[in-house]
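Student: based on what follows, work out the 3D shape:
(one chain, ligands or ions: 1)
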Amino acid sequence: MSDSGRELLDTYLARMVEVRATGAATSETSYYGALENLLNGVGRELRPRVIANGQIRNQGAGHPDFGLYAQSQIRDGAPVGGAGAIPERGVVEVKGLTEETWFTAETTQISQYWAHYGLVLVSNYRSFLLIGRDPNGQPRRLEAFALTESDSAFWSLRQSEEDQLNQLGHALQDYLRRALSYLAPLTRAEDLAWLLASYARDALRRIEASADLPALANVRSGLEQALGLRFDDAKGEHFFRSTLVQTLFYGIFSAWVQWARGQAPNATDRFDWHAAGWTLSVPMVRTLFEQVATPTRLGPLGLVEILDWTGDALNRVDRNAFFEGFDEGRAVQYFYEPFLAHFDPALRKQLGVWYTPPEIVHYMVERVDLALREELGIENGLADPSVLILDPCCGTGSFLVEALRVIETRLRSQGEDALVAHDLSTAARERLFGFELMPAPFVVAHWQIGMLLAHAGAPLVSDQRAAVYLTNALTGWQDTEGPVEQLLLPELQPERDAAERVKRADPIIVILGNPPYNAFAGISPQEEEGLVEPYKAGLRSVWGIRKYNLDELYTRFLRVAERRIVERSNRGIICFISSYSYLSDPSFVVVRRHLLEGFDRIWIDSLNGDSRETGKRTPTGEPDPSVFSTPFNREGIKLGTAVGMFIRRGPTEGQSDAHAQVRYRQFWGGHKRQDLVASLEGGDLNAGFAATTPTAANRYNFRPLGPASDYDNWPDLIALAEAEPFSGLAEMRRGSPIDTDRDRLAGRMQRYLDPTISFGTLKTEQIGPVGDASRFDPEAARTRVLLRENYSQQRIIRYSLLPLDTRYAYHTKVRPIWNEPRPEFFSAARDGNRFLVSRMMAERPQEGLPALPVTASLSQRQLRATCLACPLVVPICRSRRVCGLRASQMPILMLIQRLPKSPGFTRWLLFPRRVGFRKIRLRFSVAGLAYHCQPT
Ligand SMILES: C[S@@+](CC[C@H](N)C(=O)[O-])C[C@H]1O[C@@H](n2cnc3c(N)ncnc32)[C@H](O)[C@@H]1O
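Tutor: Take a look at the predicted model:
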């Protein structure tokens, strides 16, 4: 959410306070300017813009303080409707800050205004009330909003907590946007989505303000149990509350759509949100809706009023125009996306709730259909009744809807028209499964499938539903022992049971979709029972990878799918679009091995578009946006992505380990989505792909290895070093054992290690590591070091903090003064030994050569990422040293930097002259620069 709400509030309050501070303000008119600025600040963000104009001319109903004009009422510096046109968005009547009575009592003046202008926004600067007409033409109090309850509180509002001011700023902005748009025609889905999101945000604010929700405690536990997750900490609590609000609003909106469709075009009946629960056809939503929407629960949360306003907004929609434009196939882009973008952008980002662009969905579903036919010998592909399909993170249901489309087309092409409706409906209910965790996309998935079926002449009847379930896709896959758990909300039991049946029993052979990206902080992963542990096995011991990152959420979805197809179904297809980090990132070496062992064929479409690796540029420097960047979501995502399709044809006995054939191709530039779709032509699964050769030597890299084909046979820095390279030292004590001045450091550490000086004194003087930090108790640390060591000049070392920034540090191996003291490094660094410092991974594209010789101990972050220091002389003991790479024989340093566009490791090759390599040949290839050497 932008901070413009907070800015508006700050500017408004600052100006109000300034006017008051002159000591010459009248109670009402002196503050007009501040209010006018506020209204115009909000009006500027609306389309068309709304302009607040002060002291409008008497148009037969007195002088309202402001008129609210739409920009469209003005053209070429003149009023479109001629002089005296009524302000399209109503008028504003201002009262003194201390006046209260107008809020509850009618005044003739206000009645006169609403009768003439249709809408009056009344304000005493701290409270706002909208007065309009009811359906019978009578005055009616509409939405109200208060910054503070009293004028004294208003003047001290600026001193409130930051969080409170942020909330108030957004709430004020939301309220005024609605007030200034109240009379605007409501015809477009985007506008209605924004309006409902604005009410939903208000509802969320009110729920969040109720510190604990005893009324909802059982709903919370019931939901945790039914979904198979635990809402941990504040973020989990937020997720829970957001879930409730989404359910309420999507419930009401769905009910309204259903109700509106049943109305005659010019009917004047009004929609009653209280009856919404009755018309909701998806049991999970109906149950949750009913749980939340009971008067006993809504009342204390202050939600009845907001839902009344929401119902009122829905009744203002021009239904004919709305449904004409609410192209059903586009409900996602026009309604769902804008709703979520406005309602809870942070949660949306955390859960990776981006809908998948239609071209990608189309491409993947068609490829899966082709693979079923060609690779698994299922002649009718997705249309075969034996094919069970799962999208474990189905969002708005795009993949399921597309699969239904493919099935429909196939059946019709086979002249099966009579059976199409029956087969489609059966497929949607019995073999196309979807899981989703968020109610908003879940509801939309049901709409989309429902609409497709209705268009195909196979509408779902009253007790039928599509097989899309609200559930946590990452839990509940393993059979549990003991009696079946009874749910606290028994109404949710059928949903949970159905989802578990899919997870445990149904023979799924296709798993496809677009898994979310980030690990969501608020949901406890404990329930996942160590899902990705198998992907960590051997990372350290076999592959020497000390730091790895398998936290991206898609990894867990990949594991769920791999386990299901390889270990249960024993045959099938996975097709995911995801981050492409698994293709070559060292952390994923075990993942790749699993895939190579469990599947027979792998196809990778690298879709590039990564901000870090290539800066979103093609090899020729053209823009290379993410495939998720669409006209509706221009920003897309930062990560490079790939479509990976993995096929297991059956039991793999007799096959060698890691036997899968891998084929790879890539797409670049702004037309990737269209190019992908075009590549379907010809129906050849392999066209345009080239085989790659993942082997243990290249850490099972799925990517092609570039022009230096023998590259992986060349020894790397580590292989050539006589001793294991060192990781740098880690100091996390706010720099206290480090200084640019040797004497100053010595003086400070001498005091710190002087047992006659108390810890309290050191703390007051801030000498040495005396500050509290997480898991660092400074007093206990000092006691510990005093027991073991005295101050020693010998412990002052030269310390390379960053390239070209060498300081002094006081080193001690007594933990936890240093977080990672690395005593071996300390010994190796004595006597001016040199190190060649580099790192294993490129950090960014075209970063130059990340290596330098250093004659000091160094910080772990010296080269930003974890770096390694290879000693040029290796001490074995004090008197004996092994000449590894002696400083006097400065080695010929050679490097291959992996071509910028074919990402991977940055490798350093180091050849001491003595061992026989002399000639170096530089070779320039089309893709970049490689160095090559020849033994002589
Ligand atoms: C990238 S979106 C999928 C978009 C979908 N293909 C579409 O076009 O709408 C990922 C979805 O996974 C859902 N999700 C995240 N964590 C989940 C979980 N643990 N179980 C089920 N769904 C989850 C998110 O709510 C989100 O809707």
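Student: right, is the helix or strand harbouring A454 up against the ligand?
Tutor: Using DSSP states H and E, A454 sits within helix 439-455. Yes. Helix 439-455 reaches the ligand (Cβ under 6 Å from any ligand atom) through P441. For the C-beta atoms, the positions are set from N, CA and C on the backbone; glycine is no exception.
Student: other SSEs contacting that helix?
Tutor: helix 233-261, helix 283-292, helix 331, helix 337-343, helix 398-413, helix 417-430, strand 432-436, strand 468-470 (3 or more Cβ pairs under 8 Å, 6 or more residues apart in numbering; DSSP states H and E).
Student: ranking these by mean pLDDT, which is last?
Tutor: Ranked on mean pLDDT, the bottom entry among the helices and strands packed on helix 439-455 is helix 331, at a mean of 76.
Student: packing partners of it?
Tutor: Using 3+ Cβ pairs under 8 Å, 6+ apart: helix 331 touches helix 439-455.
Student: to what extent is L802 buried, counted in neighbours?
Tutor: L802 has 13 neighbours, counted by other Cβ atoms under 10 Å.
Student: so what's it scoring on pLDDT?
Tutor: In this model, L802 carries a pLDDT of 85.
Student: what's near enough to touch it?
Tutor: Contact analysis of L802 by Cβ atoms under 8 Å, 6 or more residues apart in numbering lists 859, 862.
Student: how far away is it from G728?
Tutor: 11 Å (Cβ to Cβ, to the nearest Å).
Student: which residues do the two both contact?
Tutor: Joint contacts of L802 and G728 (Cβ under 8 Å, 6+ apart) are 859, 862.
Student: give me the number of residues near N380?
Tutor: 16.
Student: would you confirm that it contacts R410?
Tutor: Yes. N380 lies in contact with R410 (Cβ atoms under 8 Å); the separation is 6.5 Å.
Student: show me the contact partners of stretch 543-556.
Tutor: 352, 474, 515-520, 528, 531-532, 535-536, 539-540, 576, 578-579, 581-582, 585-591, 699, 727, 866.
Student: now that stretch: buried residues?
Tutor: For stretch 543-556, burial by neighbour count (16 or more other Cβ atoms under 10 Å) applies to 543, 545, 548, 550, 552-556.
Student: equivalent analysis for stretch 125-136, please.
Tutor: Here stretch 125-136 shows 125-132 as buried, counting by 16+ other Cβ under 10 Å.
Student: show me which residues of the stretch 101-250 of the chain sit near the ligand.
Tutor: So the stretch 101-250 of the chain never meets the ligand (Cβ under 6 Å from any ligand atom).
Student: which stretches of the stretch 101-250 of the chain have low pLDDT?
Tutor: The model of the stretch 101-250 of the chain has pLDDT under 70 over residues 103-106, 211-213, 215.
Student: residue in it nearest to the ligand?
Tutor: L229 (7.2 Å; Cβ to the nearest ligand atom).
Student: quick check, that residue in contact with A473.
Tutor: No. In this structure L229 lies outside contact range of A473 using Cβ under 8 Å: 10.2 Å.
Student: from the ligand, how far off is Y554?
Tutor: From Y554 across to the ligand, the span is 9 Å (Cβ to the nearest ligand atom, to the nearest Å).
Student: what angle do the helix or strand hosting that residue and strand 432-436 make?
Tutor: Here Y554 sits within helix 553-562, counting by DSSP H and E. Angle, helix 553-562 to strand 432-436, by axes from the mean of the first three to the mean of the last three Cα atoms, to 10 degrees: 150 degrees.
Student: give me the sheet partners of the helix or strand following helix 553-562 and which way each runs.
Tutor: Following helix 553-562 in sequence order, the next helix or strand is strand 572-579 (DSSP H and E). Here strand 572-579 has these sheet partners by DSSP bridges: strand 510-513 (parallel), strand 641-648 (antiparallel).
Student: is the ligand contacted by strand 572-579?
Tutor: No. When contact is scored as Cβ under 6 Å from any ligand atom, no part of strand 572-579 falls within range of the ligand; the minimum is 8.5 Å.
Student: flag every residue of this structure that's near the ligand.
Tutor: 351-356, 393, 395-396, 398-399, 435-438, 441, 472-474, 513-514, 516.
Student: got phi/psi on the residue of the stretch 451-600 of the chain found nearest the ligand?
Tutor: Going by Cβ to the nearest ligand atom, the ligand is nearest to A473 of the stretch 451-600 of the chain, at 3.6 Å. When quoted as degrees, to the nearest 10, the phi and psi of A473 stand at phi -70, psi -10.
Student: quick one: the helices in the stretch 451-600 of the chain?
Tutor: 493-504, 553-562, 589-598 (DSSP state H, counting those that start in this stretch).
Student: if anything else comes up later, I'll come back, but that's it for now.
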